[in-house]
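**Q** sequence first, predicted coordinates after that:
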Amino acid sequence: MDLYDAASYHALALQAAGKSPRTVALYLTYERRFLDFLETRKLAATFAALTPVNVRQAILWQQRSGRGKRGGAVAVKMFAVTMKAWASFLTTEGVLGGNPLLRLPVPAVLEIERQPYTRTEVLAFLEAAKQSRTAGRDRLLIHLLLDTGARIGELTGLEINRLQLDAAHRRLTVIGKGNRQRTIPFGDPTVPDGGETVRLLRGYLRERDAFFDRYPARITARLFLTIQGFALSVNGAEDVIRRLGWSAGIQDAVPHRFRHTFATVYLTQYPGDESGLRAILGHVSNEVMRHYLHLSAGTIAQRSGRVSPSQNWLRAGGR
């Protein structure tokens, strides 16, 4: 076995563990990048090549390319994380006698706080979606991202048999990180028909059924489809949001900002309910949760100033 075999073996183990195709592809991408580096140095892809010196040189080699987000810094960090995980896996499996990358440091990346969308931006998204060739699908995608806080991969993987639309329970079940299921309510429970999100969903389901009546060979369980009737991929959905953002004049238009928006609005409406938010969002790191709390605290402070009883309520009484 050499490192080429080890990369294939790692992919097989990840698939057997239930990791998503995207996660498996991500590991393979960075492992093959290390193999490419070895080829450029004319080094054999043996286990002896998996050393801190070679990995550090590969990091510098990748840094010089400058490809990716923030000048390639994110890709460099992911490369180092992947190499450490790969070496740890091979050690655990007994392929390596010891982990050669155990003490390899991971390059730091300047964290950029991604802001939630404003109400004006969300409305602009929806207006842009009305002009899309797949208006029903795109408007529903935005509403569900905003209503559930789900990741884009969770929604593109959503199957129609995981939807509940009865009056008592309007909810969906997604498969999140670690292959964990969680059920998320959506819609407006104070409105008999569930509100705009539920209406959009029912309308889109009718469109979807009509498409499969015409093209029965393309039937799939996935909720979101391309215009040709195939399951919408994560990359395809990300492109939808970018395209709509460009049309609406919105900077940094990415699906994950809807998750930030949901979290901030939730904590603004239910201050301190971190456990409730975690139950809806699934895995959330403490660092990300502190970011949400910070954003919501700012919103609450702004609202408190506008509804100050001493400023408005007392003075309204003639004082």
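**A** Okay, I see it. Given the structure is predicted, the values throughout are model-derived calculations rather than measurements.
**Q** what sits against the spatially most central residue of the chain?
**A** Geometric centre of the chain, nearest residue: R151, 3.9 Å, by Cα atoms, centre = their mean. R151 makes contacts with 176, 255-256, 259, as judged by Cβ atoms under 8 Å, 6 or more residues apart in numbering. No exception for glycine: its C-beta is placed from N, CA and C like everyone else's.
**Q** break this protein into its domains for me.
**A** If you go by automatic domain parsing, the domain ranges for the chain are 3-92, 119-304.
**Q** mean pLDDT for those domains - can I get that in a markdown table?
**A** Formatted as a markdown table, these follow (pLDDT from 0 to 100):
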| stretch | mean pLDDT |
| --- | --- |
| domain 3-92 | 89 |
| domain 119-304 | 88 |
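**Q** out of these, which is closest to L101?
**A** The closest of those to L101 is domain 3-92. By Cβ to Cβ, the value is 4.1 Å.
**Q** how long is that closest one end to end?
**A** Terminal residues of domain 3-92 are spaced 16 Å apart (Cα to Cα, to the nearest Å).
**Q** number of nearby residues for N54?
**A** 19 (other Cβ atoms under 10 Å).
**Q** pretty sure M83 sits against R33.
**A** No - applying Cβ atoms under 8 Å as the test, M83 and R33 come out as separate, 9.5 Å apart.
**Q** okay, those two: which has more neighbours?
**A** Remark: of M83 and R33, M83 carries more neighbours, 24 against 18, as counted by other Cβ under 10 Å.
**Q** next helix or strand past the helix or strand encompassing that one?
**A** Element membership for M83 (DSSP states H and E) is helix 73-92. Next helix or strand after helix 73-92 toward the C-terminus (DSSP H and E): helix 119-130.
**Q** now do the phi/psi pair for the residue nearest to the centre of the chain.
**A** Phi and psi for R151, reported as degrees, to the nearest 10, are phi -70, psi 160.
**Q** sorry, back to before: are any of the contacts of R151 buried, and which?
**A** Neighbour counting by 16 or more other Cβ atoms under 10 Å classes 176, 255, 259 among those as buried.
**Q** in a helix, the last one, correct?
**A** Yes - checked against DSSP: H, G, I helix; E, B strand; the rest coil, R259 lies within a helix.
**Q** okay, and the common contacts of M83 and R33?
**A** A58.
**Q** list the contacts for the residue nearest to L281 when sequence neighbours are not counted?
**A** Nearest residue to L281, sequence neighbours excluded (Cβ to Cβ, 6 or more residues apart in numbering): G149, at 5.1 Å. G149 is in contact with 184, 258-259, 262-263, 266, 280-281, counting by Cβ under 8 Å, 6+ apart.
**Q** which ones among those lie within strands?
**A** The strands, defined by DSSP state E, take in I184 from these.
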